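K.L.:
Build the 3D model from these lines:
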Amino acid sequence: MDWRQVVAVNLRRIRRERGFSQETLAYEADVNRTYISKVEKGSTWVGLEVLVKISKVLQAEPADFLERPARKGAKRI
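P.N.:
Prediction:
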């Protein structure tokens, strides 16, 4: 999984957990909704400045978007 996919998975998960639509997140973060969609699909790189804006809106740390998801079937210790 490349870093675009890691960010995509985490952004989608955190956004949904916080109850934001893509449109609301985009509005609050002052970015285009289609850009949010592209980031969530992993089809574009997200800039640090935008990642920080998104983090503030979602009340998350920028590092939260860079955590590799646990592999399915992997045991956690």
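K.L.:
Low-confidence stretches in the chain?
P.N.:
73-77 (pLDDT under 70).
K.L.:
longest single helix anywhere in it?
P.N.:
Scanning the chain for the longest helix, with DSSP state H as the assignment, gives helix 3-18.
K.L.:
now for that one, which elements pack on it?
P.N.:
helix 33-41, helix 48-58 (3 or more Cβ pairs under 8 Å, 6 or more residues apart in numbering; DSSP states H and E). C-beta: built from backbone N, CA, C; applies to glycine.
K.L.:
Provide the contact partners of the first one at residue level.
P.N.:
By Cβ atoms under 8 Å, 6 or more residues apart in numbering, the list of residues contacting helix 33-41 from outside reads 4, 7-8, 11-12, 15, 22-23, 25-27, 29, 44, 46, 50, 54.
K.L.:
ok, now the last one?
P.N.:
For helix 48-58, contacts defined as Cβ under 8 Å, 6+ apart pick out 7, 11, 14-15, 18, 20, 25, 28-31, 35-36, 46, 61-62, 64-65.
K.L.:
Going by neighbour count, which of these are buried?
P.N.:
7, 11, 14-15, 20, 25, 29, 31, 35-36, 46, 65 (16 or more other Cβ atoms under 10 Å).
K.L.:
Spatially central residue in the chain, please.
P.N.:
Taking Cα atoms, centre = their mean, the centroid of the chain lies closest to residue 11, which sits 1.8 Å from it.
K.L.:
okay but that residue is in contact with residue 64, surely?
P.N.:
No. Residue 11 is not in contact with residue 64 according to Cβ atoms under 8 Å; the separation is 9.4 Å.
K.L.:
Out of the buried ones among the contacts of helix 48-58, which is nearest to residue 71?
P.N.:
Residue 71 lies nearest to residue 7 out of the buried ones among the contacts of helix 48-58, by Cβ to Cβ, at 17.3 Å.
K.L.:
re earlier: run through the residues that contact the residue nearest to the centre of the chain.
P.N.:
Going by Cβ under 8 Å, 6+ apart, residue 11 touches 36, 39-40, 46, 54, 65.
K.L.:
For the nearest residue to residue 45 once chain neighbours are set aside, grab the count of nearby residues.
P.N.:
Once flanking residues are discounted, residue 45 sits nearest to residue 4: 6.0 Å by Cβ to Cβ, 6 or more residues apart in numbering. By other Cβ atoms under 10 Å, the residues close to residue 4 number 16.
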